[in-house]
Structures are given as C-alpha cells and as structure tokens.
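Structure of the sequence below:
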Amino acid sequence: MYKKKSLFITFEGIEGSGKSYQIKKLFRKIKKLKLPTIITREPGGTQSAERIRKVILEDYFYSNFKEKFNKYTDTLLYLAARNEHVVNVIKPAIKNKKIVLCDRFIDSTFAYQVYGKGVNKNLIKNIHKYILGNIRPDLTFVLKVNISKALQRLKKRKKKNRYDKFSKNFYIRAQNAFIKIAKKNKSRYVILNNSIDNNKVEKLIYNKFIKIVKK
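Okay, the predicted model is just below:
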C-alpha cells in the first residue's frame, strides 16, 4: 500500500498557531500505520542542538539583563543548531528512507530573522548552501491563526520562552511572512487556518500525507 521512501515534512507557523499539537497528532497516526517515522524540532533535535536552543530561548531572557544578543549572533546560533540537527538526525533518517516530521525548519528562519528582525537574507542562503546541501522539505504545512486566538493560547502556557513574549505586531509580520513564502511555491506548501479548536485541520493534514505517501 505504501512505498518505502523518505519523506521530509515540516510544520511552520507563529507561536500559538497549533503546529506542535498538529505535528504530534500526525506522528501518532503514522505510527499506527507502522511506517518508520521520527519526530523532531528546531532549534534542537540533538543533545548539542538542544543546548543551543536553551541559550537562544531561555538563558538570556531576564528583564533586568540589559545586554542581549545581536540579531546576527542570534541567527548564527540558530544555524549552528541546524547544522548539528541536519548532520546527526535529518540526513541519516532520509538516507534510511524514514519519514521525518520536523517542528520548524528553514522557513521559520526567514520569517523570524529576515522578515521579523531584518537579518540579511543572503547570509542565511549562503550558510544553507554548506549545511543543507540538497536537503529540502518535501511538504510544508503552514498553520495560520487569528492573532488574538494565538495570544489566548500563549497565555495558557505554563512555561514560556522569549518567543512566546513578542509583540502582537511582530507575530503579525511573522505570520504574513510565512504566508508570503508559502504562496511562492504552492506545490510544496499547504496553508491551513488553525484558528478553531476542532479536528478539521488534523484530518486535512492526514489526508494530504496519505496522498503523498501513496505516490
């Protein structure tokens, strides 16, 4: 029924879009099909990359700490974590014909660092040439959400990192960036509105996955 082949699927969206929830739902359904699948995330995915993640998201977020990372330092840390992740997790999984589900990948870097913070796009593209090679997602789900709904979801989080505390305007810019990126390559991206808490989006994601895995 299903051909044994590698598939690299990413989930993108702003904080509160529900992407982490949806990726876990898809992972559980795929496991029931007994297909070789891994679920991972960025920044993170390996022990070394998770250590970098902690530095980026938590360690220097203190209200009384005046010195913050420069936006390029911040970006280079993300890319360093990505290199560890790609070398140690993503490439080996693809080589072994596994299905890789990744919570955030390159689109988040462009949406947040380039469109959100004004980092030079060419810097990221040039580094990606070295650390990614020909690795690109086969399918990307972009979950968009009503910003007020996203903020409501963020308020309910018991543990927050600094990316859960950005301004409403920043999230609007980032979400617009995700949608702009997705519209440039409709064959790879699927944009879904995940504002309402029901299982409609979950079903749409699963049906799209089944369609691709049967090809």
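
From here on, just use CA atoms for contacts and neighbour counts.
Will do.

could you measure I181 against Y112, distance?
Using CA to CA, to the nearest Å, I181 is found at 12 Å from Y112.

These two: which has the busier surroundings?
Y112 (22 against 16; other CA atoms under 10 Å).

what's the distance between the closest residue in space to that one that isn't next to it in sequence and E58?
Nearest residue to Y112 in three dimensions, chain neighbours excluded: A174, at 5.8 Å (CA to CA, 6 or more residues apart in numbering). Distance, A174 to E58, using CA to CA: 20 Å.

So which elements touch the helix or strand bottoming out on mean pLDDT in the chain?
Lowest on mean pLDDT, DSSP states H and E among the helices and strands of the chain sits helix 147-155, with a mean of 91. Other helices and strands packing on helix 147-155, by 3 or more CA pairs under 8 Å, 6 or more residues apart in numbering; DSSP states H and E, are helix 168-183.

residues of the helix it packs on that come out buried?
170-171, 173-179, 181-182 (16 or more other CA atoms under 10 Å).

Next, the angle from that helix to helix 147-155.
Per axes from the mean of the first three to the mean of the last three CA atoms, to 10 degrees, the angle that helix 168-183 makes with helix 147-155 is 110 degrees.

Helix 168-183 - contacts with which helices or strands?
Counting by 3+ CA pairs under 8 Å, 6+ apart, helix 168-183 packs on helix 106-108, strand 139-144, helix 147-155, strand 189-193.

After the shortest one, which helix or strand is next? Please name it.
The one in question is helix 106-108. helix 121-131 (DSSP states H and E).

for that following helix, which positions count as buried?
124, 128, 131.

The residue nearest to the last one when sequence neighbours are not counted - how many residues pack around it?
So the one you mean is I131. With sequence-adjacent residues excluded and distances taken as CA to CA, 6+ apart, I131 is closest to N83, at 5.6 Å. Using other CA under 10 Å, N83 has 19 neighbouring residues.

Could I get the contacting residues of the nearest residue to L192 once chain neighbours are set aside?
Excluding the flanking residues, the one nearest L192 by CA to CA, 6+ apart is L143, at 5.0 Å. By CA atoms under 8 Å, 6 or more residues apart in numbering, L143 lies in contact with 11-14, 17-19, 191-194.

Try it again at 6 Å.
Going by CA atoms under 6 Å, 6 or more residues apart in numbering, L143 touches 13, 17, 191-194.

from the residues you listed, which two are the most distant?
S17 and I191 (11.8 Å; CA to CA).

who has more neighbours, those two?
Neighbours per residue (other CA under 10 Å) separate S17 from I191, with S17 holding more: 25 against 17.

Please look at that one and S148 and confirm they touch.
No - here S17 lies out of contact with S148, judged by CA atoms under 6 Å, at a distance of 10.7 Å.

so how many other residues sit close to Y115?
For Y115, the neighbour count with other CA under 10 Å is 20.

Equivalent analysis for V190, please.
19.

The nearest residue to T37 once chain neighbours are set aside and T109: what is the separation?
Leaving aside its chain neighbours, T37 sits nearest to I99 (4.5 Å; criterion: CA to CA, 6+ apart). Separation of I99 from T109 (CA to CA) stands at 22 Å.

Cheers, nothing more for now.
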